Each structure stands twice: as C-alpha cells, then as structure tokens.
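Colleague: need a structure here:
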Amino acid sequence: MVPSASSSRTTAPPSAGRDVRSFESIRSTSSSSSAATEMRFNTTEHLIRDIEALRVHLGVDRWLVSGGSWGSTLALAYAQRYPSRASEIVLNSVTTSRRAEAKWLYNDLAHLFPDAWEQFRGHVPEANGDGVIAAYADRMEDPDPTVRLETARAWCAWEDAVLSLEPQTEVSPLSSMPIRDMLAFVRICTHYLRHGAWLEEGAVIRDAPRLGGIPGVLIHGRRDITCPVETAWTLARAWPGAELVVVEDAGHLRSDSKRAALLRALDEFAHR
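Modeller: Just a heads-up that it's a prediction; the model follows:
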C-alpha cells in the first residue's frame, strides 16, 4: 500500500518523516519458516488491521491502495472495509481468493500438467478428495524439519510447472528460493489457502459495489493460467467505475508490458 501522490487528497503531519523511520525500525522477530512460529495471528483480518494501523500511525488521510496476486485480494478486502480511506486502487494479476480459484490452480490444472500433478498429489497420499491443500498445510506443521522441507519442495515443483508456460518469464523458479524463504512461502500459502483467506466464498466480488466512486484499474495478463482473466473481468463488472486492462502478451508474473501498464495507471493517478 502506498500513500496517494496527490497532496490534495493525502494529509500528513510535519512529523511524518520521523514517524516513518521509527516505524521502519520495527522488525519481526520470528519467521514462518519455523514450525515454532505461531500462525493463529496471521490472518486476513490481522493484516487489514495492520494496514489501517499503519495509515493512522503515518497520519495519512487517504491513500492509493495497490496490490498484486494475493496482494490484490488483500487490497480489495482492506478497501471494502475502509472505502473512505482509499483514494484510488490499482491491482495487477487479480485474485479474490475464492475457493473456486484455488481449486482451479491446485486441482483442475492437472488436465494440463498430468505428470507434474501426479507427483504433486502423490506427495500427500493421505489427502481425501479435494483435500490436497489441507494435507500440505498439515505437513507444513510437522515437527520434523525434513518432512516440512520435502513438502515445500513438492509444492514449489507444482507451482513451477504451472508457471512454466509463462511468456517472457524473467523470474527464477520458486524451487530455487533459499530454503528458509521456501519454507516460509509454502507454510503461509497453505495456511491461507486452507482457510479460504478467512473470506466468505465470493465475498470480495459480491462486495465490489462498496468501491463505487473509487477509481480503479485492474491489470491482468491474457495468458495468465494461474489466475485466469475471468476473475478480473467479473470483478470489473461488479465494481462501478473500474477499468480492466488486459495485457495480451503477459501472464501472471512480471513482464515489461505489465510493468508499463502499471506505471501508466500510477502516473495517471499521480497527476490527478
């Protein structure tokens, strides 16, 4: 989340600079990579409260809210809770964290990647029906570090397979992340996915009318098979005043064309 660039719509006290430095001195003292790290306070509701606490701490009246992928869900959930605090919204690689979206990514795409799916599903033979995500989440809580690492690697191998069709991919495979980062990434992903991000199914799209009057730009790659453009299209239709920008040669990950679209949207709002 970034403050709105327009001073006419953003108010900050003279001490804001000092407050920012003070706030930045605070760092987390534990990592989600460790099974000993408590996760019950890591929920969408807690993150929304954190964002609003940061806004109040900085003395910002209204700000431009932005996010990508899971961050787009969080941005939308925050703005729907506090619509009077969002001056504009810019999203990319749009998701709303519906369970239907998770089913597409972690089950239905087996039709495109049957070999990778066999290995992904085979890592959790204890899973029942569509319970693959829950089975992975359970294994990421195992006290045995070897179990957690093997589980994280299996999860990232599937993610890498799905992302392998991305056009102009510049990002290294998730499997190449440092072990500590990989463990944290998969533990947090499975934690949120098994709970549907603690959101009622379809609530983010259902509540999009709350954003009426807030200018919004949704940037999405046509070739994004991780999160198909249908979600962004449905959201744009439910959100009065939202503009959907479909980037024809882009997928889910960053690309020059998506970056250019994002910068155009931000620049336009900066000069309002």
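Colleague: ranges for the helices of the stretch 101-250 of the chain?
Modeller: 114-122, 132-139, 145-163, 179-194, 203-206, 230-238 (DSSP state H, counting those that start in this stretch).
Colleague: list the buried ones in the fourth one?
Modeller: Within helix 179-194, the residues that qualify as buried by neighbour count (16 or more other Cβ atoms under 10 Å) are 182-194. From N, CA and C alone the C-beta is placed, and that goes for glycine too.
Colleague: doesn't V65 fall inside a strand?
Modeller: Yes: counting by DSSP: H, G, I helix; E, B strand; the rest coil, V65 is found in a strand.
Colleague: which residue is nearest the centroid of this structure?
Modeller: Geometric centre of the chain, nearest residue: W70, 1.1 Å, by Cα atoms, centre = their mean.
Colleague: look through this protein and tell me its longest strand.
Modeller: strand 86-94 (DSSP state E).
Colleague: about what we covered before: how close does the residue nearest to the centre of the chain get to A102?
Modeller: The gap separating W70 from A102 is 11 Å, by Cβ to Cβ, to the nearest Å.
Colleague: then F113?
Modeller: For F113 relative to A102 (Cβ to Cβ), the value is 16 Å.
Colleague: okay, these two: which has more neighbours?
Modeller: Neighbours were counted for F113 and for A102 using other Cβ atoms under 10 Å; A102 has more, 21 against 17.
Colleague: OK, contacts around the closest residue to the more buried one other than its chain neighbours?
Modeller: Leaving aside its sequence neighbours, A102 sits nearest to L193 (Cβ to Cβ, 6 or more residues apart in numbering; 5.3 Å). L193 is in contact with 102, 106, 133, 137, counting by Cβ atoms under 8 Å, 6 or more residues apart in numbering.
Colleague: closest one to A265 out of those residues, please.
Modeller: In terms of Cβ to Cβ, no member of those lies closer to A265 than A102, at 27.2 Å.
Colleague: and the pLDDT for that closest one?
Modeller: With respect to pLDDT, A102 scores 97.
Colleague: residues in contact with it?
Modeller: Contact analysis of A102 by Cβ under 8 Å, 6+ apart lists 133, 193, 196.
Colleague: including distance to H271 and pLDDT, could those go into a markdown table?
Modeller: Shown next, in a markdown table, are the contacts of A102 (distance: Cβ to Cβ, whole Å; pLDDT from 0 to 100):
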| residue | distance to H271 | pLDDT |
| --- | --- | --- |
| I133 | 43 | 97 |
| L193 | 39 | 97 |
| G196 | 38 | 96 |
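Colleague: would you format those as CSV with distance to Y78 included?
Modeller: CSV is the format used below for the contacts of A102 (distance: Cβ to Cβ, whole Å):
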residue, distance to Y78
I133, 24
L193, 19
G196, 17
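Colleague: and of those residues, the nearest to S31?
Modeller: L193 (19.3 Å).
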